Every structure is written in C-alpha cells, then in structure tokens.
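In: build the 3D model from these lines:
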Amino acid sequence: MLQTRLWMGAVLISLTIGMLVGDQHLAPVFPFLLVFQLALTLLACHEFIQLLGPNRMPQPLVCYAGVLALVIANWLIHLANPAGALTSSPEREPHASFWLILVGILAGFLLLAFLYEMAGFTGPGRSVERIALTWMILGYVGLLPSFFAQVRWISDDHQANSVRLALAVFVPKCCDIGAYAFGRLFGKHKMTPILSPKKTWEGAVGGLATAVLAAVAIDGLGPGSVLREDLRWQVGFGLTVGASGMIGDLAESLIKRDCQTKDASQVMPGFGGVLDVVDAIIYAAPVSYLWFRLLV
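Out: Sure thing, here's the model as predicted:
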C-alpha cells in the first residue's frame, strides 16, 4: 500500500507541477487547468452521487450539468474580455463580476432542481431530499473549486499566480502528510474517535507545523513572494489554510461515514477516489483565495 501511495503521489505531484508551469504562457485560456478542473470536478460529482446510493439519489443530470456550468463560468468572463479581465479599476472588477455570474448560475440550477422534481412528481416521496442533495453537490464540487480556479486570474503576473496555486494545493496537502506522519509516530490522543479514529491531536499539531514550513518554502523558493516576504503572513497562511484543509478532510470523512464506506472510489490507487485526494484542497480553496485577494 505504501509503495502504491508513493508512486501515485509522485505522479499526481508531477502532473500538478506540469499544469502550473505549462499554463503560465497560455493566458487567458490556461487549458491544462481547465482540463484538470473539468476532469476532477466531474469525477468528484460522479463519486458523490454513487456514495449517496439509489435510496437517496440526487438528480444526476442536474448535478452534472450544474457542475459543468460552474467550471465553464470560471473561464467565460476572462475569455469574453481578455484585454480587460485583469484590470483593477472599480468600474470593471472581474472578480466581482464573476461571483455575480456564479450566483446567477447557482440560482438557475436551484430553480431547475425544483422543476425537475415537479416534472416527475407522482406523489409523496423524497423530492425535498433529492433537491437538497443536488444543491449540496453543486456547492461542494462546483462552487468551492471555483475559488481555486479564480486564483489563476487574481493578478496579471502569471508566474506569481502559479506560486499562489502551488500554495493553495501543497499547503493543505503537506498538512495532511504531516498529520499522517506525526500521528503515526507520536499520536496518542484521539481527535475525533468516531468520525476519523486514526486522527490524533499530536498529528494535527505536526500537520500544521508542516503546512507552515510548506508555505514558507514555496513562497520563498518561487520566482517572487506572493505573501510579501513576511514571515507573519507566511505563518498565518500556513496555519489557516492548513487548518481548513484538515477540516475539509474531516468533512469528507463525515460524508463517507454517513454513507458507510471507507473510500469515495478506487480510481486513485493507494488513495481511494478523487474526493479522497482533493477534499482538503477544495475546502481550503476559499481561505486561500481570500488571503491572495487581501495581499495582491
């Protein structure tokens, strides 16, 4: 198992670095990130639907269409106006415009979820539950990853944006790795005995320390500091994004425990499913995005 995790982890890291470096000169399309986002979110959507099972199945067509629309929306505003997409003028703020578009898309699919149930309604059943689960999937695997994608356009310095994306990916994942290693070596006090029995407070402390080290290293070794070369910002970023990633891991554990399964799927050898790999990243994505917006 460890050998499988090591080679699969090396492949995933290589693909991520290749995506970050390869996209730097391909603005405003950034095709590698687009392919990554489409593939991972649609696979995560599929896993979530399968986890819920036939007895509480959401609306698959609405889920897939909604997630696809939310991913494409991340690119539309920048492709429609590549010359002015990155302007910081108050008259045309691309990020504000994007979030308004996103809210409109979410509202549209909420209405569609109701229409979908109305069209097939045959009597009392589980319509409200299906609508709620559909909305949850759209938010979890559609909305949260949008914060990650928008980091690619947060400034007109694409190299700096690559560093920001690297921080958003590797800080929560390094926290996960650190928590696992420190928990195995020193873990004695259970953090969540029922939700995730193997997690310990010692592991959590080690994970946060690893996240801080990752933030300092990535920000310092990149082509330019995006955290203002300030140790206070680097430590603050590592702690908050690392902690958010840990909560994201627990959030996915909650879903899996409630669905009575160990892994989201077996599509990622040694890791489980796509959701098992990206859970920390997508939960921490809004926190990373807010940091970068504050410091840009």
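
In: which residues in the protein form strands?
Out: Here the chain has its strands, by DSSP state E, at 190-192, 196-200.

In: any chance of those in TSV, plus mean neighbour count?
Out: Using the backbone N, CA and C atoms, a C-beta is placed for each residue, glycine as well. Shown next, in TSV, are the strands of the chain (neighbours: other CB atoms under 10 Å):
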stretch	mean neighbour count
strand 190-192	16
strand 196-200	17
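
In: relative to Phe36, which of those is closest?
Out: For those, the distance to Phe36 is smallest for strand 196-200, at 27.1 Å, taking CB to CB.

In: shaky segments in the stretch 51-200 of the chain?
Out: 81-96 (pLDDT under 70).

In: ranges for the helices of it?
Out: Along the stretch 51-200 of the chain, counting by DSSP state H, counting those that start in this stretch, helices occupy 60-80, 94-119, 127-138, 144-150, 158-186.

In: okay, stretch 174-194 in CSV with CA atoms only?
Out: Output of stretch 174-194 as CSV, limited to C-alpha atoms (Å, rounded to 0.1, in the frame of the first residue of the first chain):
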residue,chain,number,x,y,z
CYS,A,174,1.5,18.9,3.2
CYS,A,175,-0.6,19.4,6.3
ASP,A,176,-2.3,16.1,5.5
ILE,A,177,1.0,14.4,5.0
GLY,A,178,2.5,15.9,8.1
ALA,A,179,-0.5,15.0,10.2
TYR,A,180,-0.3,11.4,9.0
ALA,A,181,3.4,11.1,9.7
PHE,A,182,3.3,12.7,13.1
GLY,A,183,0.2,10.8,14.1
ARG,A,184,1.9,7.5,13.2
LEU,A,185,5.0,8.4,15.2
PHE,A,186,3.6,10.3,18.2
GLY,A,187,-0.2,10.1,18.1
LYS,A,188,-1.8,9.1,21.5
HIS,A,189,-4.8,11.4,21.9
LYS,A,190,-7.7,10.8,19.6
MET,A,191,-9.0,13.9,17.9
THR,A,192,-12.3,12.6,16.5
PRO,A,193,-12.7,9.0,17.8
ILE,A,194,-15.9,8.3,15.9
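
In: from what I can see Ile218 touches Cys174, true?
Out: No - with contacts counted by CB atoms under 8 Å, Ile218 stays clear of Cys174, the gap being 9.0 Å.

In: report the contact partners of Ser244.
Out: Going by CB atoms under 8 Å, 6 or more residues apart in numbering, Ser244 touches Pro172, Ala280, Tyr283, Ala284, Val287.

In: reformat those residues as JSON lines; add distance to Gly222 and neighbour count.
Out: Shown next, in JSON lines, are the contacts of Ser244 (distance: CB to CB, whole Å; neighbours: other CB atoms under 10 Å):
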{"residue": "Pro172", "distance to Gly222": "17", "neighbour count": "33"}
{"residue": "Ala280", "distance to Gly222": "21", "neighbour count": "29"}
{"residue": "Tyr283", "distance to Gly222": "24", "neighbour count": "22"}
{"residue": "Ala284", "distance to Gly222": "19", "neighbour count": "30"}
{"residue": "Val287", "distance to Gly222": "19", "neighbour count": "22"}
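
In: how near is Thr200 to Ala243?
Out: Thr200 sits 15 Å away from Ala243, going by CB to CB, to the nearest Å.

In: hmm, back to that, got JSON lines for the helices of the stretch 51-200 of the chain, with distance to Gln234 too?
Out: Shown next, in JSON lines, are the helices of the stretch 51-200 of the chain (distance: least, CB to CB, whole Å):
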{"stretch": "helix 60-80", "distance to Gln234": "27"}
{"stretch": "helix 94-119", "distance to Gln234": "24"}
{"stretch": "helix 127-138", "distance to Gln234": "34"}
{"stretch": "helix 144-150", "distance to Gln234": "20"}
{"stretch": "helix 158-186", "distance to Gln234": "9"}
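
In: figure out which of those is closest to Ile247.
Out: Closest to Ile247 of the helices of the stretch 51-200 of the chain, according to CB to CB: helix 158-186, at 9.9 Å.

In: the closest one vs strand 196-200, what angle?
Out: Comparing the axes of helix 158-186 and strand 196-200 via axes from the mean of the first three to the mean of the last three CA atoms, to 10 degrees yields an angle of 100 degrees.

In: output the contacting helices and strands for helix 158-186.
Out: Packing partners of helix 158-186 (3 or more CB pairs under 8 Å, 6 or more residues apart in numbering; DSSP states H and E): helix 2-22, strand 196-200, helix 201-221, helix 231-258, helix 274-295.
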